[in-house]
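A.B. asks: I would like the atomic coordinates for the input below:
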Amino acid sequence: MQIAQSKTREQYPLSFKKIIKKTIASTIVVTILLLIIWGILVFMLGSTGQAAIAWLGTATLGISGFLFVTILLTYFYQRWYFAVYFYELSSDFIQIKKGPITPREITIPYERVQDIYVDQDLLDRIFGLYDVHLSSATISSGIEAHIDGVEKEAAEGLRDVLLQTVQQKISKNKSADVPASNSPIS
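C.D. replies: Residues are numbered from 1 along each chain as shown. Model prediction:
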C-alpha cells in the first residue's frame, strides 16, 4: 500500500501510533457494546435453566470471535486510512484529503483561516499525539480541517508554519488594499 506523500507530510509526518490509538478507541466502543449484549444474554438465558446456560457459552465464544475479527478489520482499515491521509501546504492554500472509502477533501485559502490551535483528547495524551485544527467561517472547516495524529514537534512545526504563512498573506492583502496617495499638483 503506497502512502500518500507530500512535502508537508514528509516534513511534519503523521505518527504510526495514530493507527494503534484509533484501533484501541474503536475496540473500546465495540467491546462496551458487546458487553452490553452479553449482559442481556446472561440475564435472559441465566434465568431459564441449564439448557440455556450451554447457549451462553456458545454466545460468549461467538462474541469473543466477533470482537477479534472487529479488532483485525479496524486495524487494517486504520492502516489504509493512514496511507491515504494527505495534507499539503501550498503557496496559496492548505489542502487536506482523508478517508479511503469515501474520501473527503478540504481546501482552505490562507486568507480565510481564522484560528489555528493544537489539542489532544485522552488517548492522544496517552500516546503523545496531537491534532492541529484550522478554523474558517465554513461549517466543514470545523469538521474536516484538522491534521490529527502528529507528534509534538510536528504539531508545533505545523502550527508555526501555518501561523507565519497566514500572517504573511493577511499583511500582504492589507498592504494591497491601502490606496496609493495622490500628491496634489502645485
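A.B. asks: and residue 132, that's in a helix?
C.D. replies: No: counting by DSSP: H, G, I helix; E, B strand; the rest coil, one finds residue 132 to be strand, located in no helix.
A.B. asks: which residues are in contact with it?
C.D. replies: 116-118, 146-148, 150, 155, 158-159, 162 (Cβ atoms under 8 Å, 6 or more residues apart in numbering). The way it works is simple: take the backbone N, C-alpha and C, and place the C-beta from them, glycine included.
A.B. asks: tell me the secondary structure for the closest residue to residue 129 other than its chain neighbours?
C.D. replies: Spatial nearest neighbour of residue 129, chain neighbours left out: residue 149 (5.4 Å); criterion: Cβ to Cβ, 6 or more residues apart in numbering. Three-state assignment for residue 149 (three-state DSSP): strand.
A.B. asks: how about residue 45?
C.D. replies: helix.
A.B. asks: same thing with residue 116?
C.D. replies: strand.
A.B. asks: okay, it: pLDDT?
C.D. replies: At residue 116, the predicted lDDT confidence score is 91.
A.B. asks: repeat for residue 131
C.D. replies: Per-residue pLDDT puts residue 131 at 95.
A.B. asks: please apply the same query to residue 139.
C.D. replies: 68.
A.B. asks: quick check: longest helix of this structure.
C.D. replies: For the chain, the helix reaching the highest residue count under DSSP state H is reported as helix 50-84.
A.B. asks: tell me the buried residues in it?
C.D. replies: Neighbour-count burial for helix 50-84, counted by 16 or more other Cβ atoms under 10 Å, picks out 63, 67, 70-71, 74-75, 77-79, 81-82, 84.
A.B. asks: who's in contact with residue 59?
C.D. replies: 38, 41, 45.
A.B. asks: surely residue 26 meets residue 75?
C.D. replies: No: taking contacts as Cβ atoms under 8 Å, residue 26 lies outside contact range of residue 75: 9.0 Å.
A.B. asks: contacts for stretch 44-53?
C.D. replies: 55-56, 59.
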